[in-house]
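Asker: predicted coordinates and the sequence they were generated for:
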Amino acid sequence: MKNQLAESSGAIIPKKMDSMIYRMDKTRKKADNFVDGIREHLRLGPKFSETVKGKLSLGARILQLGGVKRVFRQIFCAKEGEKLLKASQCYLSTTAGPIAGLLFISTKRVSFCSDRSIKFYCPNGELVRIHYKVSIPLRKIKRANQSENAKKPSQKFMEIVTMDNFDFWFMGFLNYQKAFSFVRQAISQAPNPVQK
C-alpha cells in the first residue's frame with residue numbers, strides 16, 4: 001500500500017514541477033518581451049528626459065479626461081457607435097524623426113496623436129503648438145505589414161498602407177504583437193470600400 005502511494009504521488013510531483021517550470025518560463029519570456037519593448041521605446045526618443053516628460057504629460061492628460069477612451073473621443077471627435085479597441089504607446093516615423101505618441105485602434109479608424117505638442121511658426125511669424133495627429137479610416141487601408149530589423153530582430157515595425165499608396169510606419173511598441181493583431185482584426189472587420 002505504501003509503495004503504491006509513493007509511486008502514484010511520485011508521478012504527480014514531476015507533472016506539477018513540469019507545469020510550474022513551463023509557467024515560469026512562459027512568464028519569463030513575457031517579461032523579457034516587455035522589457036525589450038520598453039528598451040526599444042526609450043531608445044527611439046530624442047533624449048531620455050524628453051521621453052519621460054512626454055509620458056508624464058500624456059499620463060496627466062489621460063487622468064484629467066478620465067481615461068484613454070475619453071482622450072480618444074476628444075482628440076478625434078469619435079462618432080456614436082465607434083468603439084476604441086486598443087491604445088498602444090509607440091512612435092510614428094516622420095522625415096523629421098520618430099514622434100512619440102499613442103496609436104488608437106478603433107472600429108472605424110487607426111489614428112495617432114503625439115504625446116507632446118509640436119512647435120512651429122506660422123507664415124505671420126506666430127509660434128503655434130499643436131499635437132501631431134494622423135487619422136486613417138479603416139475603409140481606406142489597403143494593408144498592414146509587419147517588418148523587423150534584420151540585424152536586431154527585437155526592433156519591430158508596422159507599416160500601414162492606404163488605398164492611395166501612402167504609407168505610415170509605426171515602431172517602438174511596448175507590446176508590438178498585441179498592437180499588430182488589433183490592427184489586423186480591425187482591418188478585417190471593416191466594410192470593404194466601394195470599388196470605382
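Answerer: All right, it came through fine. Numbering: from 1, shown residues only.
Asker: ok, Cys90 to Ile99 distance?
Answerer: Counting by C-beta to C-beta, to the nearest Å, the separation of Cys90 from Ile99 is 10 Å. Quick note: C-beta positions are derived from backbone N, CA and C, even for glycine.
Asker: have a look at the two and say which one is more surrounded.
Answerer: Cys90 (27 against 23; other C-beta atoms under 10 Å).
Asker: now the one helix or strand the more buried one maps to - C-alpha only, PDB.
Answerer: Secondary structure assignment for Cys90, by DSSP states H and E: strand 84-92. What follows is strand 84-92, C-alpha atoms only, in PDB (Å, rounded to 0.1, in the frame of the first residue of the first chain):
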ATOM      1  CA  LEU A  84     -11.900  52.000 -29.100                       C
ATOM      2  CA  LEU A  85     -10.400  48.600 -29.400                       C
ATOM      3  CA  LYS A  86      -6.800  49.300 -28.200                       C
ATOM      4  CA  ALA A  87      -4.400  52.100 -27.500                       C
ATOM      5  CA  SER A  88      -0.700  51.500 -27.700                       C
ATOM      6  CA  GLN A  89       2.300  53.700 -27.000                       C
ATOM      7  CA  CYS A  90       4.600  53.800 -30.000                       C
ATOM      8  CA  TYR A  91       6.400  56.200 -32.300                       C
ATOM      9  CA  LEU A  92       5.300  57.400 -35.800                       C
END
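Asker: what residues does it touch?
Answerer: With contact meaning C-beta atoms under 8 Å, 6 or more residues apart in numbering, strand 84-92 is reached by 41, 44-45, 55, 68-69, 72-73, 78, 98-107, 112, 114, 132, 134, 158, 168-175, 178-179, 182, 185-186.
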